[in-house]
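Engineer: What would the 3D arrangement of this be:
(2 chains)
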Protein chains: 2
Amino acid sequence: MTQYKYDVTMSCGGCSGAVTKALTNLEGVEKFDVSLESQKVTVESATLSESDILAAIQKTGKTAKVAEQ
Amino acid sequence: MTQYKYDVTMSCGGCSGAVTKALTNLEGVEKFDVSLESQKVTVESATLSESDILAAIQKTGKTAKVAEQ
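Structural biologist: Coordinates of the predicted model:
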């Protein structure tokens, strides 16, 4: 299991809800956390790559990038 | 050219911006309008079907349906 972190621009509950919905529907995601307050998304997966998950988040139309550790 | 109308739940500029980005990137869209105020999205296309466009909007994670005329 690998944990990936992303910076995602979310301005309201509708924004974070959209990202939550996308990750809920993404096969291979074991666990995730979407924080509107910190603008961070954390995802745990054994099968998806860092860029697979980034692409899924970006499909919501949000600006997202891999977080610097 | 056909015009399609959708009701889309958008709570802030980040929400409407996400829908705008999705429609900007959707091939076959000739013209569109995203209204945060009225919660309506209008799309003109000669090639896409009503359900193609609805699917693209829903991929942003927003709740969307075809508007009753």
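Engineer: Does stretch A:59-69 reach chain B?
Structural biologist: Yes: against chain B, stretch A:59-69 shows contacts by C-beta under 8 Å from any C-beta of the partner chain at A:59, A:60, A:61, A:62. Every C-beta, even on glycine, is put in place using the N, C-alpha and C of the backbone.
Engineer: wait, stretch A:20-32
Structural biologist: Yes: against chain B, stretch A:20-32 shows contacts by C-beta under 8 Å from any C-beta at A:20, A:21, A:22.
Engineer: doesn't residue A:57 make contact with residue A:19?
Structural biologist: Yes: here residue A:19 reaches residue A:57: they are 6.1 Å apart, a contact under C-beta atoms under 8 Å.
Engineer: any shared contact partners between those two?
Structural biologist: Taking C-beta atoms under 8 Å, 6 or more residues apart in numbering or on different chains as the criterion, residue A:19 and residue A:57 both touch A:8, A:41.
Engineer: which stretches of chain A form helices?
Structural biologist: Counting by DSSP state H, chain A has helices at residues A:13-24, A:50-58.
Engineer: got a list of contacts for the first one?
Structural biologist: Helix A:13-24 is touched from outside by A:8-10, A:29, A:32, A:34-36, A:41, A:43, A:56-57, A:59-62, B:9-12, B:14-15, B:18, B:60-62, with contacts defined as C-beta under 8 Å, 6+ apart.
Engineer: can you give me the angle it makes with helix A:50-58?
Structural biologist: 140 degrees (axes from the mean of the first three to the mean of the last three C-alpha atoms, to 10 degrees).
Engineer: Noted, bye for now.
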